[in-house]
Every structure is written in C-alpha cells, then in structure tokens.
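Student: okay, here's the prediction I keep looking at, along with the sequence it came from:
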Amino acid sequence: MSGGDRLDNVNPTLYETQGKRILTDADWDDSVVDPFDVREIFDLIREINDPEHPLTLEQLNVVTEEQIIVDDSKNKVEVMFTPTIPHCSMATLIGLAIRVKLLRSLPERFKVDVMIRPGTHASEVAVNKQLADKERVAAALENSHLLEVVNQCLDTQARGE
C-alpha cells in the first residue's frame with residue numbers, strides 16, 4: 001500500500017473482470033496492419049495496481065472499456081476513470097499511472113488524454129487540469145519518490161500473480 005497509514009476506501013467493492021483476450025495468428029503477424037482499438041487500450045491499463053489496495057483498477061471498476069475512446073486515424077486516445085469514492089485522495093496518482101502506462105506503451109504519434117469521469121469526484125476539475133498539463137506531469141515524474149510510487153502501480157508482478 002502506497003497511500004500511507006489511512007485508507008480512503010476501507011472496504012472497496014470488487015467487480016468481475018473480463019477474461020484475457022484470445023490472441024490469433026494475425027495478432028502476432030507483424031505484416032498485418034492493425035489499428036489500435038478500445039480493447040487494446042483497456043488491456044494496457046486494466047492491470048494497473050490500485051495505490052491503496054492489492055487490487056487492479058479493473059477489479060475496482062476504476063477503468064472500463066466503456067470509458068475509453070480511440071481514434072487511430074486521428075492518433076487520439078481518451079481514457080476516463082472513475083475513482084471508487086468521491087473524495088479519493090489517490091485520484092491524481094491513479095490518473096498519472098494511467099497516463100504514464102499509455103505514454104510508455106503507445107507510439108509517440110498518439111495524443112493521450114486521461115481524465116476523471118464527470119460527476120464522480122469532488123475535485124474533478126482540479127485533478128483533470130493537473131493531468132492535462134504536460135509540464136506538471138513532467139515535473140511530477142522528475143520527483144523520484146512519486147515516480148517510484150507510479151512504477152509500483154505499474155508493476156503487475158508486485159501482486160504475485
């Protein structure tokens with residue numbers, strides 16, 4: 001747990017997760033031009049660890065396919081996420097982890113927007129402003145402690161699966 005001694009959401013609701021996508025021969029064939037789609041983006045972020053609990057963002061329903069928009073032809077990915085409670089102090093960290101995972105995983109041609117789903121967080125405007133500010137994101141990632149916490153969220157081996 002990276003959130004300190006006090007949990008914001010002591011007893012989070014767990015949701016059923018989707019199965020792994022079954023890959024076909026075409027998925028492994030580099031000669032096949034395959035545009036990025038919603039499921040591919042979801043597969044990149046679904047296993048991100050929650051900063052407070054030994055659970056994934058998918059298990060907590062923080063990220064879902066329905067909250068993702070992909071326009072491959074316009075090089076745009078938009079991800080909305082839903083904090084588990086309206087006063088979640090980890091919302092900015094969760095958004096930062098999603099953004100970092102996508103920036104590390106996608107080709108540079110993509111513009112990535114990450115934001116809180118409207119009406120689901122008390123400070124959504126302030127958090128969304130921070131997540132949309134490239135300079136703030138870059139400065140946050142220069143903070144070695146914060147970068148370590150983000151990397152812990154992205155470390156899928158940390159849950160021992």
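Tutor: In hand now; what should we look at? Numbers count the residues shown, from 1 in each chain.
Student: now do the strands in this protein.
Tutor: Remark: strands assigned in the chain by DSSP state E are 68-71, 76-81, 111-116.
Student: got the ones you listed as JSON lines, with distance to residue 46, mean pLDDT and mean neighbour count columns?
Tutor: Glycine gets a C-beta too; all of them are placed from N, C-alpha and C. Shown next, in JSON lines, are the strands of the chain (distance: least, CB to CB, whole Å; pLDDT from 0 to 100; neighbours: other CB atoms under 10 Å):
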{"stretch": "strand 68-71", "distance to residue 46": "10", "mean pLDDT": "98", "mean neighbour count": "16"}
{"stretch": "strand 76-81", "distance to residue 46": "11", "mean pLDDT": "98", "mean neighbour count": "20"}
{"stretch": "strand 111-116", "distance to residue 46": "14", "mean pLDDT": "97", "mean neighbour count": "19"}
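Student: show me the contact partners of stretch 135-155.
Tutor: Stretch 135-155 has contacts (CB atoms under 8 Å, 6 or more residues apart in numbering) with 2, 48-51, 93-94, 96-97, 99-101, 130-131, 158.
Student: between the residues you listed, which is nearest residue 28?
Tutor: Using CB to CB, residue 101 comes nearest to residue 28 of the contacts of stretch 135-155, at 22.1 Å.
Student: who's in contact with the closest one?
Tutor: Contacts of residue 101 (CB under 8 Å, 6+ apart): 44-45, 48, 154.
Student: ok so, going back, which among the strands of the chain is found nearest to residue 31?
Tutor: Taking CB to CB, strand 68-71 is the member of those nearest to residue 31, at 22.1 Å.
Student: show me the shaky parts of the chain.
Tutor: Low-confidence segments of the chain, defined by pLDDT under 70: 1-7, 10-11, 14-15, 158-161.
Student: which residues in it form helices?
Tutor: Ranges of helices within the chain are 25-28, 38-45, 91-105, 124-132, 134-142, 144-154, based on DSSP state H.
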